[in-house]
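In: Curious how this folds, go ahead:
(one chain, ligands or ions: 1)
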Amino acid sequence: MPKIFERLDKKKDKDIRVLANFISIFCRENHQLETKNVFSIKDARLHNSLGNKDLVLCQDCRKLLSHGIAKLLLCPYDPKPMCKKCETHCYAPGYRERVREVMRFSGLYLVKHGRLDLMVHYFF
Ligand SMILES: [Zn+2]
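Out: Next up, the predicted model:
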């Protein structure tokens with residue numbers, strides 16, 4: 001079992017769940033034509049962080065999510081600051097922009113669909 005999962009804590013747990021939810025909304029709404037597969041999770045704790053459900057995503061979104069999860073777990077700061085306020089740009093080139101696009105799209109999506117409760121749940 002990779003050591004990196006020992007870095008999971010409550011805060012990161014939640015951040016990972018938000019990231020996964022946002023990416024899955026984005027993928028569902030924007031990548032209907034892509035071939036999708038279950039995002040495979042080999043670590044039980046990580047599976048638990050993701051709410052014990054299978055995420056079905058296209059290949060790009062699966063890559064983005066695993067990149068995001070790895071970066072979250074490897075974050076050198078404790079507590080982890082909000083990524084958008086952080087001075088360390090740890091995401092690989094291209095990924096940062098994509099994650100921002102995902103966050104913007106899915107955040108708006110939740111607002112438009114009256115899921116302010118989820119936003120409150122995520123950000124406060
Ligand atoms: Zn996708």
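In: alpha carbons only for contacts and neighbour counts from here, please
Out: Noted.
In: Could you list the contact residues of this protein toward the ion?
Out: Cys27, His31, Cys58, Cys61 (C-alpha under 5 Å from the ion).
In: Mind picking the two most distant members of those?
Out: Greatest spatial distance among those (C-alpha to C-alpha): His31 and Cys61, at 9.1 Å.
In: Looking at these two, which one has more neighbours?
Out: Cys61 (22 against 16; other C-alpha atoms under 10 Å).
In: Wait, that one touches Phe22, no?
Out: No. Counting by C-alpha atoms under 8 Å, Phe22 is not a contact partner of Cys61; they are 10.5 Å apart.
In: on that earlier part again, would you list the residues of the chain next to the ion in CSV and tack on distance to His47 and pLDDT?
Out: Below are the residues of the chain next to the ion laid out as CSV (distance: C-alpha to C-alpha, whole Å; pLDDT from 0 to 100):
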residue, distance to His47, pLDDT
Cys27, 19, 98
His31, 23, 98
Cys58, 18, 98
Cys61, 17, 97
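In: Quick check: longest helix in the protein by residues?
Out: Criterion DSSP state H: the longest helix present in the chain is helix 10-30.
In: in the next helix or strand along the chain from that helix, what's buried?
Out: As assigned by DSSP states H and E, the chain's next helix or strand after helix 10-30 is strand 36-38. Buried residues in strand 36-38, counting neighbours by 16 or more other C-alpha atoms under 10 Å, are found at Lys36.
In: Contacts for strand 36-38 next, please.
Out: The contact list for strand 36-38 (C-alpha atoms under 8 Å, 6 or more residues apart in numbering) reads Asp54, Leu55, Val56, Leu57, Cys58, Gln59.
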